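# Coordinates for the following, if possible.
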Amino acid sequence: SMQSTTLLNQVLTQHTQQIGDMMREIQELKLKVGNGASVTVLNGEEENGDPKCAKVCSGTTGRRSTDWTDYRGSTGVYTEVDISGCGFVKIPTITTAIEGSGSHWEITGTSAVYNAKTGSFSIYLAANRANTRRGFATTRLWNVEWIAVGFTC
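Okay, the predicted model is just below:
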């Protein structure tokens, strides 16, 4: 019937407009990605991956969520940092810093990365004070802030 044909044409026109809008949005996203900052990895712990898959990923263990563990008698703590969400397939280059509300300026090991893997690494902190333990680090909100650069393919 004529009414059905008119309704069908209206629906078709509406869907055509929606598809056009989506295509424009996809083009805009492609431009944003294409014009974004580039990442270049000159070398790493392993042979480089595909340059198109170079990625910068960063995070923190959190002021109230870092799981510090006591070690080294009474003067140190360590934690393992989960970076698995980055999706690295090669061991990335990792840079660290310790953030907190106090006393972290006194410690050593703040940039020493241990046991780097594609999905995690460890950091050990030490101080010349007898009370540098889990509770000391936790009450001062010590946490690991990190940046990793590597390959996802």
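# How far off centre is the longest helix anywhere in the chain?
Counting residues, the longest helix in the chain under DSSP state H turns out to be helix 2-34. From the chain centre to the centre of helix 2-34 is a distance of 36 Å (Cα atoms, centre = their mean, to the nearest Å).
# Follow the chain on from it and name the next helix or strand.
strand 54-60 (DSSP states H and E).
# Can you list the strands that that following strand pairs with?
Looking at strand 54-60 with DSSP bridges, its partner strands are strand 143-151 (antiparallel).
# how distant is the partner strand from the center of its chain?
That offset, for strand 143-151, works out to 6 Å (Cα atoms, centre = their mean).
# Also stretch 129-146?
Centroid separation for stretch 129-146 versus its chain: 22 Å, with Cα atoms, centre = their mean.
# gap between the two ends of that stretch?
25 Å (Cα to Cα, to the nearest Å).
# what's the answer for stretch 121-133, then?
With Cα to Cα, one end of stretch 121-133 sits 20 Å from the other.
# List the buried residues of stretch 67-84.
Within stretch 67-84, the residues that count as buried by 16 or more other Cβ atoms under 10 Å are 68, 70, 75, 76, 77, 78, 79, 81, 83. To be clear about C-beta, it is placed using only N, CA and C from the backbone, and glycine gets the same treatment.
# same thing with stretch 120-140?
So for stretch 120-140, counting by 16+ other Cβ under 10 Å, buried means 121-127, 132-134, 136-138, 140.
# just stretch 40-54 next, same as before
41, 44, 49, 53, 54.
# Looks like the second one contacts residue 91 (just checking).
In this case it means residue 44. Yes - with contact defined as Cβ atoms under 8 Å, residue 44 reaches residue 91; the gap is 6.7 Å.
# shared neighbours of the two, anything?
Shared contacts of residue 44 and residue 91, defined by Cβ atoms under 8 Å, 6 or more residues apart in numbering, comprise residue 150.
# quick revisit: out of the buried residues of stretch 120-140, who's nearest residue 102?
Nearest to residue 102 among the buried residues of stretch 120-140 is residue 140, at 4.8 Å by Cβ to Cβ.
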